[in-house]
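>>> Need coordinates for the below:
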Amino acid sequence: MKQLISTDNQLGHLLQGHRKAKGWTQEQLAQKAGISQARLSVLELNPGRLTVERLIRIMGALGLEMTIQEKVDASSETASAQQSDW
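Okay, here's the model as predicted:
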């Protein structure tokens, strides 16, 4: 399932939601990701402090991967759809 993330808070909620969906405590995820439970707690509440390395380790532990793509501009998408109708 794809999930759009536009803010760091959305990222924190997403990571926390996946952890809880697996039935894991912070301690369990932290151990799998190789960080402390205290650090994971801080990162879930303030994901703006995540380093790329930690983000990848946490995502890997959760079985998640990241895809980066260009932002879709709604106005250009509408114009493109109208042109294809011609």
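>>> what residue ranges in this protein are flagged as low confidence?
Across the chain, the ranges flagged by pLDDT under 70 are 74-86.
>>> And the residue nearest the centre of it?
L11 (4.2 Å; C-alpha atoms, centre = their mean).
>>> need the contact list for L64.
Residues in contact with L64, defined by C-beta atoms under 8 Å, 6 or more residues apart in numbering, are H18. All C-beta spots, glycine's among them, are computed from the backbone N, C-alpha and C.
>>> ok, it to A38 distance?
Between L64 and A38 the distance is 22 Å, computed by C-beta to C-beta, to the nearest Å.
>>> elements contacting the helix or strand hosting the residue nearest to the centre of the chain?
Element membership for L11, per DSSP states H and E: helix 8-21. For helix 8-21, the packing partners by 3 or more C-beta pairs under 8 Å, 6 or more residues apart in numbering; DSSP states H and E come out as helix 37-45, helix 52-62.
>>> Just name whatever secondary elements the longest one is in contact with.
Using 3+ C-beta pairs under 8 Å, 6+ apart as the contact criterion, the neighbours of helix 52-62 among helices and strands are helix 8-21, helix 26-33, helix 37-45.
>>> and if we set it to 7 Å?
Where contact means 3 or more C-beta pairs under 7 Å, 6 or more residues apart in numbering; DSSP states H and E, helix 52-62 is packed against helix 8-21, helix 26-33.
>>> if we can go back for a sec, which ones are touching the residue nearest to the centre of the chain?
Residues in contact with L11, defined by C-beta atoms under 7 Å, 6 or more residues apart in numbering, are 5, 47.
>>> ok, now L14?
The contact partners of L14, taken as C-beta under 7 Å, 6+ apart, are 3, 5.
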